[in-house]
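# Any chance you can model this:
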Amino acid sequence: MRKIACLVTAAAVLVVPAMASAKTIRQQGQIVGDAETKVTLQVKTRGKDPLSVANFKAKNVLTRCEGEASRIDFTVLDAVEVKENNSFKSRLVDGEGGVLRIRGKVKDNGRATVGSLKTNNFTSSNDVTCKTPKQKFKTG
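Next comes the predicted model:
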């Protein structure tokens, strides 16, 4: 009985440091050159290694709707896996033909991110055709 208790205690001691090093880093930034925008996201890390990017939100992003400039918000709640080279990319479909593409790279041990977003043609909530050109973002 003592051996089992010692093994369980030893296993618990080994697991705690690994769990303690996992954390979520909240980041905030904007589209490069557009002070009216706000980009927020979370990077989940284990030690210095980024694991995923989650809760991506881009607000007031410049979009063209039938030739007119407009602003729109994007929200991606699903986590996107970060690869070994610290890059990530996602192609998200809205079910109505709209596609949002996000790609980027996590830097500084998960404390900063650079990337870009863009869409194809999509229909907005008021039945107008819109498209978001490729725009770079930075967070930190």
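# Now the element after the lowest-mean-pLDDT helix or strand in the chain, going C-ward?
Counting by mean pLDDT, DSSP states H and E, the chain has its least confident helix or strand at helix 2-20, which shows a mean of 45. Using DSSP states H and E, the helix or strand that directly follows helix 2-20 along the chain is strand 22-31.
# Would you mark the buried spots in that next one?
Residues 25, 27, 29-31 are the ones in strand 22-31 that count as buried (16 or more other C-beta atoms under 10 Å). (Glycine included, C-beta is placed from N, CA and C.)
# Strands of the protein, start to end?
Using DSSP state E, the strands of the chain run over 22-31, 38-46, 49-65, 68-76, 80-81, 87-93, 99-107, 112-119, 122-123, 129-131, 135-139.
# Which neighbouring elements make contact with the fourth one?
So the one you mean is strand 68-76. Here strand 68-76 is seen to pack against strand 49-65, strand 99-107 when contacts are counted using 3 or more C-beta pairs under 8 Å, 6 or more residues apart in numbering; DSSP states H and E.
# tilt between the shortest one and strand 87-93?
When axes from the mean of the first three to the mean of the last three C-alpha atoms, to 10 degrees is applied, the directions of strand 99-107 and strand 87-93 differ by 160 degrees.
# could we number from 62 for the rest of this?
Sure, I'll start numbering at 62, so the last one becomes strand 160-168.
# Show me what counts as buried in strand 160-168.
Buried-residue list, strand 160-168, by 16+ other C-beta under 10 Å: 161, 163, 165-168.
# so what pLDDT did the closest residue to G90 other than its chain neighbours get?
Leaving aside its sequence neighbours, G90 sits nearest to T200 (C-beta to C-beta, 6 or more residues apart in numbering; 3.3 Å). Here the pLDDT value assigned to T200 is 97.
# try V143
pLDDT, V143: 97.
# before we move on, what about A119?
97.
# V114 too?
The predicted local confidence for V114 is 97.
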